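J.: Sharing a sequence plus its predicted fold:
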Amino acid sequence: MKRTLGTCYYPEHWPEEIWAQDAARMKEAGLTWVRIGEFSWSKIEPNPGELQWDWLDRAIETLGAQGLQVVLGTPTATPPRWMADRHPDMFAVDAQGQVRGFGSRRHYCFSHKGYFAESQRITRLMAERYGGNPYVAAWQTDNEYGCHDTTISYSDAAKVAFHDWLFETFDGDINALNAAWGNVFWSMEYRSFSEIGLPNLTVTEPNPAHVLAFKRFSSDQVVAFNRAQVDIIKACSTAPISHNYMGRITDFDHFKLGEDLEIATWDSYPLGFLEDRVGATPEEQRAYARQGDPDFQALHHDLYRAVGRGRWWVMEQQPGPVNWAPYNPAPLPGMVRLWTWEAFAHGAEAVCYFRWRQAPFAQEQMHAGLLRPDSEDAPAIEEARDVASELEDAPEVQSAQAQVAILFDYDADWAWSTQPHGAGLSYFQLILDHYKALRRAGLTIDILPAKARDFAGYRLILAPGMMHMPADLKASLEQSDAEVLYGPRSGARDDHFNIPTNPLPPALVGLDVTVSRVESLRPDMPVALRNGGAVHCYLEVLEGDAEVILVTAQGAPVAMRMGRQTYCGGWLDADGLDQLITIIGTAAGLALRKMPEGVRTRRTATEEFWFNHSAEPVQTEVGLLPPAGMIRCKL
Amino acid sequence: MKRTLGTCYYPEHWPEEIWAQDAARMKEAGLTWVRIGEFSWSKIEPNPGELQWDWLDRAIETLGAQGLQVVLGTPTATPPRWMADRHPDMFAVDAQGQVRGFGSRRHYCFSHKGYFAESQRITRLMAERYGGNPYVAAWQTDNEYGCHDTTISYSDAAKVAFHDWLFETFDGDINALNAAWGNVFWSMEYRSFSEIGLPNLTVTEPNPAHVLAFKRFSSDQVVAFNRAQVDIIKACSTAPISHNYMGRITDFDHFKLGEDLEIATWDSYPLGFLEDRVGATPEEQRAYARQGDPDFQALHHDLYRAVGRGRWWVMEQQPGPVNWAPYNPAPLPGMVRLWTWEAFAHGAEAVCYFRWRQAPFAQEQMHAGLLRPDSEDAPAIEEARDVASELEDAPEVQSAQAQVAILFDYDADWAWSTQPHGAGLSYFQLILDHYKALRRAGLTIDILPAKARDFAGYRLILAPGMMHMPADLKASLEQSDAEVLYGPRSGARDDHFNIPTNPLPPALVGLDVTVSRVESLRPDMPVALRNGGAVHCYLEVLEGDAEVILVTAQGAPVAMRMGRQTYCGGWLDADGLDQLITIIGTAAGLALRKMPEGVRTRRTATEEFWFNHSAEPVQTEVGLLPPAGMIRCKL
Amino acid sequence: MKRTLGTCYYPEHWPEEIWAQDAARMKEAGLTWVRIGEFSWSKIEPNPGELQWDWLDRAIETLGAQGLQVVLGTPTATPPRWMADRHPDMFAVDAQGQVRGFGSRRHYCFSHKGYFAESQRITRLMAERYGGNPYVAAWQTDNEYGCHDTTISYSDAAKVAFHDWLFETFDGDINALNAAWGNVFWSMEYRSFSEIGLPNLTVTEPNPAHVLAFKRFSSDQVVAFNRAQVDIIKACSTAPISHNYMGRITDFDHFKLGEDLEIATWDSYPLGFLEDRVGATPEEQRAYARQGDPDFQALHHDLYRAVGRGRWWVMEQQPGPVNWAPYNPAPLPGMVRLWTWEAFAHGAEAVCYFRWRQAPFAQEQMHAGLLRPDSEDAPAIEEARDVASELEDAPEVQSAQAQVAILFDYDADWAWSTQPHGAGLSYFQLILDHYKALRRAGLTIDILPAKARDFAGYRLILAPGMMHMPADLKASLEQSDAEVLYGPRSGARDDHFNIPTNPLPPALVGLDVTVSRVESLRPDMPVALRNGGAVHCYLEVLEGDAEVILVTAQGAPVAMRMGRQTYCGGWLDADGLDQLITIIGTAAGLALRKMPEGVRTRRTATEEFWFNHSAEPVQTEVGLLPPAGMIRCKL
Ligand SMILES: [Zn+2]
Ligand SMILES: [Zn+2]
Ligand SMILES: [Zn+2]
């Protein structure tokens, strides 16, 4: 399969007269794909039951006639205003009890049965009409599930559905729930499932087991909502089905939802994300303001390759300043090309730019496109044309298993956010810190789902912070041929958020380490390691017979190793992580490098890519990389 | 007209026995005016329909008998408790949906028809009783419209009135509204005006066109509320009518409201404002903690001179520490005199001190007055006496057109706050930055309303950040004899908050500049200019054939000039603005100075005033200015 | 009475099989007391009216059989879920109008009559059953009144009760209330008590007199709730009754509530408190991260000794990391012993560790105990054993009046929080600052209630910031033999939050000082004193004939003295306070020391204790103190 490019287009936003010219210009720029439809419900069904397909028929025909392939989105992220009259209680409710009403997008509660049915109805109508259309080459369900904190809703609909979900989970045994949650603690015992409230607006913190269950339930509601659309589309179409995930949105289990889809896609906004969610220091934000974090996109590429079981796209690629971050700078010249190639280096099948033409109206009027609002070329389109031409004689999409893997567990993220124990600590950040350390060592990485049990072919596996680790996972890791790194907090909780006591965590197979005490630390009180670096934020007291391979300056064990397994009882800073990765990476027989600041590399089956994310030219072993520059080396 | 002084007095707060003595002391201190009545509704009408005018009759008589002139305020900012029983839904509702209830002041929604009628009723009763009173020499409507964020209300009453307002605005054509707002964007199209909600509590940001329309509507509601009182008073009285505006409250259009009034007044609290709204850096706050910002009051003096079409007062002048700022320091000795004279230098007819005697009770008990709560002199009264004596042989109130003007557009402020694009950016701050640069160059400035079309007599006009610029304004500016400065964001939107595309902004007459791209910058990433200074926060990419007069260190055009018009595509820092003002000020033939830190000057028709706002003595070309000192030079 | 140790135990959390072993291990560790029952309502009464006492009978029997003495808690802090069905409106309401529902603890409104009756019912049932039990040696009412901001509720129940309370307070005369509150100010006058709302959700700040009255009412509601339980228990039992107060919770009057109890106890979490409520600088937080603030616990020990009229305990002593602070570090080895001994040095009868065994479930699963969740010894138990053995030949509990006293007035704290005048200023912090200065001088201190009038035996009394000072208190202080220090803000308000005007504050007997003006200062603008140190945050202008003993660098009087009384018109920083304490402490004939950083001392009748709170060894006049070390010197 050739690597391809595409864009996101909204024919309903523009006069029909310019559609054909737009399509021709897309083709000229080297694009293959055009995603349409996902926000167009009010144009398709302006009044309840009054369907107007003709404009969409013509739009698809016009695009297809130019040789473009359409990705058709179901419009369920933006139900029209009349829907609120049919289902006045369809909206999500926030943690403060406020109804999140009409006037923007994603204004629905996943648990509302009435809207669920409406979503099925419009999906069926669309699938029946376009399931056999030759130009509709792929589907997208809804848009950016979970964006704007929309996974979790504290509505009455959610409460009723949560009761049912809990009834199923505990086989109708309320005493089992009370026991599993430790409800005896503050006389929180329930006599029936219907007594259970949602875990918001309590006097002090609610039971973490209650919170975690509600997060799991909320994730399952998203999966069910999506599956209903998938089932309908599959009955009408053989084209692959996708959904466009976001960056650092972990409120639902993307792996679970992804099992129902053929392709995972995601929306990559490197500069916007650096401003509003990467978690970088102000110094890092300043250094990478026009390039984005050097690892954040790569991590998501690897994550969504896993979610898509190998098949993944960038569905929305930032082409210039966005409108929605606290600050919205423009990319350094060359970065759009770099970002595109980086996606291909990580195995993307396609990269689509969001959006074709900057809209001069409504919420995203300051969001750059490939065209300016006056239809002139915006700067990015030239970089897209360059990539299109470079793709012509480039290798096809190719996947090669990496030697290094990180386990990514959405449930662990929920567990950490339920009980961070230290202000601001998150599982995602812990994973990103480890991922960055591996990248600083020049490694190529796979992300694996928490359900993975087959680890054949890996030399090094990282499973930090996975708070609940099922016994068969522990066994599989112990039996693998890889070096395995655990901790902090790996295996720290059972399935219902209790501390295992027989024995205490982590209770790993073949690794004699016990966490006998845990503390969290203010950022200004790191605990120095003997050979440089430090533990910060999170520190565990370790006991056991395993070999101590990392100690504090005072001699307390921080990382302990037995066989090929290592447990690290602290959140290491960058120097500390580099030390640890050197020790266990070397033990794993990996070739480690020390990458220059801002430079990253990745291998596919046939090539090694080098990318310079810094704003300065950098001399590397493969040559001089200008700012935003890249080098492809044949292997 | 002689310049005069006054004070704000609350006879209802004090035993009637001391009224006469208070009046005598006011007279002795050199005061002319005494404002009364504006919070006294519960004393006038303790029960619905039970009017008690006798105390107010006697108060006016007592004050008038001493030769004082009364400014009588309508009491509509503080309806009594019983009003809430008559109109339980009269309260404003905040953006979170909370009712803003009884217990302080300004507890009403401008859109509530029942309270609107009550406000007319009490105004009529008061106007009928005192319209012919010889001592009532002026009126004030209500008090500080918009203070405490009270312009905008998300009540049901507001929603219904907004529907009507939109119906009028779009001539009853809902499709015109959908088109103007770009509601197709996220399927936000409405089928009727009654479907439109208020732009709060949406999942993510609402349509900016929706937000801007709601701000315009909310401003119009204030104007209508005020006009109803004005119409009633005018039917009974020939005395001029005023309203006391506040500092940096821009939620309603003061020019539009001011058209219905004879005199504009404002409430000037230099130290309180420095603490809670000037936007100064911590260093500036520290340097001017006891003096206030050196330009903030001056800007408002010039603004309200424009709002009052030449006639304006300071209705409330801070005389000592206030109670309501985060921190409440005392003024440097001399500042009360300086503030008073500064108002006169800007053309004020009168300056009234708030308040006569510090109240020992209720919300403002820590607010200094001219008297202490024990009726002894507070420090400010001696400075007031000094001014009174200085006024005796000083020139009369005089207005002289300045050579320099800044356009001030409330609508532009709403547009910026609707879409700041960079966190914290505001139109008001942009105007203040430009005003400060002009003052640092020793210039005397006029503020002009956005409606101004006659620019005769001006040599330099600044119109930065005016996001919507009607075609006739552009034409008038181009045809004027002045140097004109635009940008950033001047003309960036059409009347319904869309980006003009044919051509792109700013689309000025006779100035070939196009903004081809826009970015916002974190405060820590300024872009240096070639000759010192920097662009910060906001930067535009400029194209066109106009002459480049300011460039970044990398050579990108920042300001471009053609004929007498200049467009600056960036938010300049102080050094950058000084550079630009030097270039275009010199071109305009202005005599530019470089004022010492904290020293400011202003010319009237016959005098040049010099004020030292700093806490140190400063040597100037007109002599040594002690801290808080001033010099008046005859021209 | 011997000094004793104890722990908090939850038999309902553990299998009955291990109760006896737990009891035996408690005994072995040297413990005397075990508190139980306070969160067990759902186990005692799983369904309304269905009482299950048998498990509690057996638990008490098992503990008592091992020689332990039980403190039995009423379970009213955690009503079961079914209570919400019986009293759907029983919950407190927060200032934003949100109901604070079921799902954690303290989910009730003190003003709800239905829940009040339920609380009496369960207390009566428990008192009747265990009032004569030989092992129940003490009682505890409820748990941590006021924790999680639960004193104040904006519910309808509170509003109705507030009306009654105001009716009583003003003898049914609404005009008296209007006059006392100055409601004329903004037409806030009421015609009947039922018109009065709660002071939340107003447009701008409510009347401070209104706010203060509501705080006083809310405090009285807690006192009444507690008294109802006390009356019931006393009818059934002769064992002493206690309540466990918290650190820095001042929302209700602990002295007033304490009058109904025999013993005051408090819950001491030095590390948690340092993180979330001490108000230390980041540098101090870092230096004392593993030791806690060196004065915060001591202040509370002295406070609760006063509340208990000499009889007081630590009911919950932190034994390791807690779970609830923003960051949760572990104590330095030795601190648990130090904290325990420090309590005894301040006169504690008993110190109980919270909790016996770390619970592996629910909200506090990360809260350390004496045992780990797997029942192994946690580090603290060894330090507890050490103390138990040291206690064997240590003196008995002993109280000796100190030479120095500080008046502590809950009402003053409410007054300051009602009107801090400068952002972040609090009475508690002012008291802590003064307490620290006395401790830095090596002094032993008593806290006295605001009601104290007999000051015999004291050489120095501090009464800073007591905003309302009754005339008989002023007289008693003037007539005492002690040096007395007042200000800032002492006597600044009358009983209804008005500024006294005849004369102005402080109006002390025999001290000619008048506060003629007041200002608050940003933290970055301290006013230097002539001999070092500074006034920060709060500065008053003083007049009068008293001797000036402290002046600003510019010569303005800051502290003035006449006879043995001193008024200080500023909030002094540490250097300033040290200066002032040196002057008046010397005048009082006290032996002053200069304690090394982190070292504190206290005398009982027979011993002088030295404690090193720093993380470094410190040489002192009594020898070398290791980190967390202590020395006991016989007197
Ligand atoms: Zn998107
Ligand atoms: Zn005012
Ligand atoms: Zn506790």
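T.: Yep, it's here. Ligands and ions are numbered 1, 2, ... in the order given.
J.: which bits of the stretch 1-150 of chain A sit near chain C?
T.: Applying CB under 8 Å from any CB of the partner chain, one finds that the stretch 1-150 of chain A approaches chain C through A:Q96, A:G97. Just so you know, the C-beta spots here come from the backbone N, C-alpha and C atoms, and that holds for glycine as well.
J.: Now do the strands in the stretch 1-150 of chain A.
T.: Applying DSSP state E, counting those that start in this stretch to the stretch 1-150 of chain A gives strands spanning A:4-8, A:33-36, A:69-73, A:136-140.
J.: Next, whatever residue of the stretch 351-500 of chain A ends up closest to chain B: secondary structure please.
T.: The stretch 351-500 of chain A approaches chain B most closely through A:F361 (2.7 Å), counting by CB to the nearest CB. Three-state call for A:F361 (DSSP: H, G, I helix; E, B strand; the rest coil): coil.
J.: shouldn't it be in contact with B:W181?
T.: Yes. With contact taken as CB atoms under 8 Å, A:F361 and B:W181 are classed as touching, separated by 7.1 Å.
J.: what sits in contact with each of these two?
T.: B:A209, B:F497 (CB atoms under 8 Å, 6 or more residues apart in numbering or on different chains).
J.: re the thing from before, how far away is the closest residue to the residue of the stretch 351-500 of chain A closest to chain B other than its chain neighbours from chain C?
T.: Of all residues not flanking A:F361 in the chain, B:G182 sits nearest, at 2.7 Å (CB to CB, 6 or more residues apart in numbering or on different chains). Counting by CB to the nearest CB, to the nearest Å, the separation of B:G182 from chain C is 35 Å.
J.: From C:W610, how far out is B:G182?
T.: Counting by CB to CB, to the nearest Å, the separation of B:G182 from C:W610 is 74 Å.
J.: And the longest strand along chain A, what does it pack against?
T.: Looking across chain A with DSSP state E, the single longest strand is strand A:534-543. Contact analysis of strand A:534-543 by 3 or more CB pairs under 8 Å, 6 or more residues apart in numbering or on different chains; DSSP states H and E lists strand A:514-520, strand A:527-528, strand A:557-562, strand A:570-572, helix A:574-587 as its packing neighbours.
J.: please redo it, this time with the cut-off set to 6 Å
T.: Identification of packing neighbours for strand A:534-543 by 3 or more CB pairs under 6 Å, 6 or more residues apart in numbering or on different chains; DSSP states H and E yields strand A:514-520, strand A:527-528, strand A:570-572.
J.: next structured bit after that strand?
T.: Sequence-wise, the next helix or strand downstream of strand A:534-543 (DSSP states H and E) is strand A:547-551.
J.: you'd agree the residue of the stretch 351-500 of chain A closest to chain B is up against B:V184?
T.: No. A:F361 is beyond contact range of B:V184, at 8.4 Å (criterion: CB atoms under 6 Å).
J.: of those two, who's got more company?
T.: When A:F361 is set against B:V184 and neighbours are counted by other CB atoms under 10 Å in any protein chain shown, the residue ahead is A:F361, at 25 against 21.
J.: In contact with A:T150, which residues?
T.: Contacts for A:T150 (CB atoms under 6 Å, 6 or more residues apart in numbering or on different chains) come out as A:R106.
J.: hmm, back to that, tell me the predicted confidence for the residue of the stretch 351-500 of chain A closest to chain B.
T.: At A:F361, the pLDDT value in this model is 98.
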